[in-house]
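> Dropping a prediction and its sequence here:
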Amino acid sequence: MEFIRDRVAPTATVYGVVLNDSASARALGDIDAAPYKGAPRAPVLYIKPVGTRVGDGATVRLPQDATEVEVGATIGLVLGRAAARLAPGDALDFVSGVVLAADLSLPHASYYRPAIREKCFDGALPVGDVLPPCDLSRLELGIEIDGKPVDGWSLSTLLRDPARLLADVTGFMTLYAGDVLLVGVRYDAPRARIGSQVRVWAPGLGSLAFTIEGDAR
């Protein structure tokens, strides 16, 4: 059956994950000390609500008093059917598509309290078309700001690769058809300021461009 390009459904839930790279874990320092008192035993998730999602060519307006934003180039796994308690070897069979995304976040240093304002402001998830599944094991992602390359990283550096991440998440919660699981971003992602033109890209998945602006109110 021919794959038809589509958008992430408005009814879908989009999940992001933190601490899926070794640099993030090291940056926390002594994770056994307060306030964390121990390393997480499962993926640490957050939700990108429907109001965060914008498409290619969008203008992203930062919240009042914010002047810059971290740009995390990432990939989302789009579920084709309900998934629960998957094994890593079977997990990607439940993925019907992949999507290029820019997971935007206001700079913050702590994971102890939910970063709702920092991660869930309007326009905080520019996202491309849903495309057919592809080999993600060594996929490279890049970021340009104002026409200059500023960052690049490979999914091969993830602590939990996409299959393991999906299996571990469905070990404690069910994901449903249309839901999207972002696989993670690189620690200390580059920052774009008000007025910046940003483009994220990945071979075979095209690119995604957007502009950062300040609060218009």
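Nice, thanks for sending it over.

> Phe210 and Gly171: what is the separation?
Separation of Phe210 from Gly171 (Cβ to Cβ, to the nearest Å): 34 Å. (Each C-beta comes from the backbone N, C-alpha and C, glycine too.)

> Kindly report the same for Ala163.
13 Å.

> quick one on the thing from earlier: which of Phe210 and Gly171 has more residues huddled nearby?
Phe210 (23 against 13; other Cβ atoms under 10 Å).

> Surely that one is in contact with Val198?
Yes. Look at Phe210 against Val198 with Cβ atoms under 8 Å: they come within range, at 5.6 Å.

> list residues touching both of the two?
Ala102 (Cβ atoms under 8 Å, 6 or more residues apart in numbering).

> Show me what the longest helix seen in the chain is packed against.
Criterion DSSP state H: the longest helix present in the chain is helix 162-170. In terms of contacts (3 or more Cβ pairs under 8 Å, 6 or more residues apart in numbering; DSSP states H and E), helix 162-170 is packed against strand 14-18, strand 68-79, helix 88-91, strand 180-182.

> Turn those into a markdown table, columns for mean pLDDT.
A markdown table is the format used below for these (pLDDT from 0 to 100):
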| stretch | mean pLDDT |
| --- | --- |
| strand 14-18 | 94 |
| strand 68-79 | 96 |
| helix 88-91 | 96 |
| strand 180-182 | 98 |
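
> Figure out which of those is closest to Pro107.
Proximity to Pro107, assessed across those by Cβ to Cβ, is greatest for strand 68-79 (5.9 Å).

> Can you give the distance of the closest one from its chain's centre?
3 Å (Cα atoms, centre = their mean, to the nearest Å).

> rewinding a little: of all the residues in the longest helix of the chain, which ones are buried?
Pro162, Ala163, Leu165, Leu166, Ala167, Asp168, Val169, Thr170 (16 or more other Cβ atoms under 10 Å).

> List the residues that contact Val180.
Per Cβ under 8 Å, 6+ apart, neighbours of Val180: Val8, Ala12, Thr13, Val14, Tyr15, Gly76, Leu77, Val78, Leu79, Val99.
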